[in-house]
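**Student:** Need the 3D shape of this:
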Amino acid sequence: MEQVIQNDNLVLLQQKILSYPKTNEDLKSIASIIKVTQIFNKLNELYHQQLSQEGQIKLCNYIELKNYQLGEQVDPNQEFVVQLILKGQIEVYYLEEGYIYKHEKYLKTLNPLFYIEEDFYVDKIKYQQNQLLYKVAFNDSIILLIDKKECDEIYNYYGEIFLFKHRTLSRIIPGLGELNSKRILEALANQFENVIIPHSTYITEEDQIGEHLFFLAQGHASFQKNKEHVFNVEESGIIGDELLIDPDQDQNSVQTYYYTVIAKSAQVLLYKIKLKIFTRLFPNTIIRHIIAQHKCKSGSLIYRKIIDQAPCRKQTY
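**Tutor:** Numbering: from 1, shown residues only. Predicted structure coming up:
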């Protein structure tokens, strides 16, 4: 952190934060990462990890690095979900009621990587925002501010997709996050249905063609044929009559099976979508990319239609 500040790499730092996928919850996570780790290396690592594994969403990008001078007051504005000191110091004063005027009683000095909180604790005593005054102790103090209103609006619009669904589906579906399309995001929020099923519940039944694909987000399921266990599918697997992952089969074989699929975990979380909707949402090139990546990752793919045996390489579309 000190190295970043000393080298004046604040523009680069800002670019890294802007590139990181931000949801209302992610904003807190970013600030926590900054607070407890070497900021530049960690953000760089997370940026590449998110970019390669889960894609990125750049819809909530408003941040500001604000410069303050000695003696200036810092307003703990409700518009910002995070106000984090990057450089300099902030002194915190308690406004005591006097006969005529309020007196400023010094409480504490906040160093870099401390938050300007809505409520403030000193020696286990809680002070509310309207009782406090924040003053800058050094020239050229810098505070990171992240706008809350914009992120709340995005969060409310897309709902839980930002909290869990998009991350999980982006991990399952290569390239999904990179699409960054409002149409896709809206469809993910509206067309993928959350299904939570208990242990030993049937997901699909043998020899019955279904209309849905199931993306296994949490837990694992048993694939059975003639009431005998054949293989398990764990998190990130895809279940359905049209698209199945079979890690025990030869990678180059293309076959058709209809299994009974049973939940084996105490609870299994699935994202359910109609096959027709899925194929409309994702063009054939993207579906082929999904197939190729799953063949590389999980073994042979069982698919009702003949597909090209594409090598495991990055595809563009």
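
**Student:** What about I116, how many residues nearby?
**Tutor:** A count of neighbours around I116, defined by other Cβ atoms under 10 Å, yields 22. Where you see a C-beta, it was placed from the backbone N, CA and C, and this is true even at glycine.

**Student:** which element is the nearest residue to it once chain neighbours are set aside on?
**Tutor:** With Cβ to Cβ, 6 or more residues apart in numbering as the criterion, I116 has its nearest non-adjacent residue at 4.2 Å, and that residue is Q83. Using DSSP states H and E, Q83 sits within strand 80-87.

**Student:** Return the mean pLDDT over the helix or strand that that strand is followed by, rounded to an integer.
**Tutor:** The helix or strand immediately downstream of strand 80-87 is strand 90-97, counting by DSSP H and E. Per-residue pLDDT values over strand 90-97 give a mean of 87.

**Student:** List the strands paired with strand 90-97, with their directions.
**Tutor:** strand 102-110 (antiparallel), strand 132-136 (antiparallel) (DSSP bridges).

**Student:** For my notes, please list those in TSV and give mean neighbour count and distance to K225 for each entry.
**Tutor:** What follows is the strands paired with strand 90-97, written out as TSV (neighbours: other Cβ atoms under 10 Å; distance: least, Cβ to Cβ, whole Å):
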stretch	mean neighbour count	distance to K225
strand 102-110	14	63
strand 132-136	19	67
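
**Student:** and those strands, which one is worst for confidence?
**Tutor:** Taking the mean pLDDT of each of these, the lowest value is held by strand 102-110, a mean of 87.

**Student:** about what we covered before: need the strands paired with strand 90-97 in JSON lines (columns: distance to Q89).
**Tutor:** Output for the strands paired with strand 90-97, formatted as JSON lines (distance: least, Cβ to Cβ, whole Å):
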{"stretch": "strand 102-110", "distance to Q89": "5"}
{"stretch": "strand 132-136", "distance to Q89": "8"}
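
**Student:** can I see the domain layout of the chain?
**Tutor:** Taking automatic domain parsing as the reference, the chain has its domains at 1-155, 164-303.

**Student:** Just confirm L213 contacts I277, I think it does.
**Tutor:** No. Counting by Cβ atoms under 8 Å, L213 does not reach I277; the two are 9.3 Å apart.
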